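Undergrad: next comes the sequence, and after it the predicted model I'd like to discuss.
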Amino acid sequence: MLYHLIRPILFRLDAERAHDAVTAMLRVASRAPLLPRLIGALYAWDDPMLAVEWAGLRFASPLGVAAGFDKRADLVDALALLGFSHIEVGTVTPRPQPGNPRPRLFRLPEDLALINRLGFNSPGMVAVAQALRARRSRNVILGVNIGKNRDTPLERAVEDYAATFVALAPLADYVAVNISSPNTPGLRRLHERAALEELLRELMRLNRNLAHPRPIALKVSPDETPEQIEEVVQAGCEAGVAAFIAANTTLAREGLRSPLANETGGLSGRPLAPRARQVIRTIYRLTRGTPPVIGVGGILTAEDAYLHIRAGARLVQLYTGMVYAGPAIARDIKRGLVHLLHRDGFASVTEATGVDAEREGVFRGQG
Ligand SMILES: Cc1cc2nc3c(=O)[nH]c(=O)nc-3n(C[C@H](O)[C@H](O)[C@H](O)COP(=O)(O)O)c2cc1C
């Protein structure tokens, strides 16, 4: 309700400044006396039907915050208050880097979308490690999304991922390996089989050295062909990846109405949903949910989340939805999900995972 009053004011600001203003308020609110309780009372809401397990981790609900929203890892406490079960911070690079020049984040309200070309603005792994050690809330699952510095040549990318992994994996519940941002030149070439195998081999080796190895998820692009996705899934499964995150932002621009549609960068939000869902379905059909898919792209409502889950996602994440729907989005989506599960006769969210992918697979088999 309240967000509908504030949104027009925020939308008059440059998109990145609006993000900075909102996150600064969230940060202050989460550290003030009493306010966290009030915020928690407004937004905390869960139902046992929504509980999900993955890799030995117990999630209160499938819904988390996608990478990019909290690149500095200093919003974990605040986002936990809003009712998300998990928060994926990052992408974090080994050394600090500023990212691309501003403006580099654009709102496309006519399309309920964003275009960003931030280019991994990151305080670097040392600062993020410090922020993670300072966090208070332990009731939320924490993922760290890792990447490479822009000026590290692709041939040496493994060293960057290895360094961030070693620095940050011990402070996280899971690690997401980002090979799919469209804003770091050449990054997506890490989808190629030989490069991907080398990267995953090294990360798995480092993981085995940890006292408690972490689940490693691989975040893929929605702009690869189904054949490429199949190769990535094969390589990921052989290496022992614990999940695939589908998907990152897209370079596609079909059917947009906004005048900013041709800005360079990755598109997120509503127009990404069908494309992300296609990738979720493709991966689910290959893995049958082992390892699972984490579905992300264009979730603004409970119905959107539900369709990702039915397409094969065990967990789901969002970023752009928060910009358009505001801080109540997690609570509203969770309530809506419970309603949709009841409507369709499912006893739990896990029961609904992949039912559409299975059904279409059967039809296809029969046809
Ligand atoms: C401004 C912005 C920054 C992002 N930064 C990252 C990032 O650093 N690492 C990453 O893996 N994904 C990043 N993403 C992609 C999101 O995590 C997500 O995959 C994508 O936005 C689709 O979800 P959505 O439609 O709910 O936003 C970013 C997205 C946006 C909008």
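TA: Cool, the structure landed. Numbering: from 1, shown residues only.

Undergrad: contact residues of this protein facing the ligand?
TA: Selection of the chain residues close to the ligand by Cβ under 6 Å from any ligand atom yields 66-68, 71, 90-91, 105, 114, 116, 118, 120, 145, 178, 181, 219, 248-249, 268-269, 272, 296-299, 318-321. In short, each C-beta sits where N, CA and C put it, glycine included.

Undergrad: show me where the protein has its helices.
TA: 2-10, 15-31, 35-43, 76-81, 125-134, 157-168, 193-208, 226-239, 273-287, 302-311, 320-325, 329-343, 349-352, 355-366 (DSSP state H).

Undergrad: low-confidence ranges in the chain?
TA: 1, 360-367 (pLDDT under 70).

Undergrad: just give the closest residue to the residue of the chain found nearest the ligand, not the sequence neighbours.
TA: Nearest residue of the chain to the ligand: Gly68, at 2.3 Å (Cβ to the nearest ligand atom). Excluding its sequence neighbours, the residue lying closest to Gly68 (Cβ to Cβ, 6 or more residues apart in numbering) is Tyr319, at 5.6 Å.

Undergrad: what sits against the one you found?
TA: Contact partners of Tyr319, counting by Cβ atoms under 8 Å, 6 or more residues apart in numbering, are 65-69, 114, 268, 296.

Undergrad: cool, Glu351 as well?
TA: Leu341.

Undergrad: can you tell me the closest non-neighbouring residue to Gly266?
TA: Thr249 (2.7 Å).

Undergrad: ok, the most centrally placed residue in the chain - contacts?
TA: Geometric centre of the chain, nearest residue: Ala66, 2.6 Å, by Cα atoms, centre = their mean. Taking Cβ under 8 Å, 6+ apart, we find Ala66 in contact with 88, 296, 317-319.

Undergrad: just flag the most distant two among these.
TA: The most widely separated members of the contacts of Ala66, counting by Cβ to Cβ, are Glu88 and Leu318 (10.9 Å).

Undergrad: now list whatever residues contact both of the two.
TA: In contact with both Glu88 and Leu318: 65-66, using Cβ under 8 Å, 6+ apart.

Undergrad: so Leu136 is in contact with Ala78, correct?
TA: Residue 136: Arg, not Leu. No. The criterion here is Cβ atoms under 8 Å, and Arg136 misses it with Ala78 at 10.7 Å.

Undergrad: and those two? Which one has more around it.
TA: Ala78 (23 against 11; other Cβ atoms under 10 Å).

Undergrad: just checking, the more buried one touches Leu26?
TA: Yes. Between Ala78 and Leu26 there is a contact under Cβ under 8 Å: 3.9 Å.

Undergrad: ok, the residue nearest to Gly266 - contacts?
TA: 116, 181-182, 222, 265-268, 272.

Undergrad: now those as JSON lines including neighbour count?
TA: Shown next, in JSON lines, are the contacts of Thr249 (neighbours: other Cβ atoms under 10 Å):
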{"residue": "Asn116", "neighbour count": "26"}
{"residue": "Ser181", "neighbour count": "25"}
{"residue": "Pro182", "neighbour count": "21"}
{"residue": "Pro222", "neighbour count": "26"}
{"residue": "Gly265", "neighbour count": "20"}
{"residue": "Gly266", "neighbour count": "23"}
{"residue": "Leu267", "neighbour count": "29"}
{"residue": "Ser268", "neighbour count": "29"}
{"residue": "Leu272", "neighbour count": "25"}
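
Undergrad: any idea how many residues pack against Arg31?
TA: Residues near Arg31, counting by other Cβ under 10 Å: 12.
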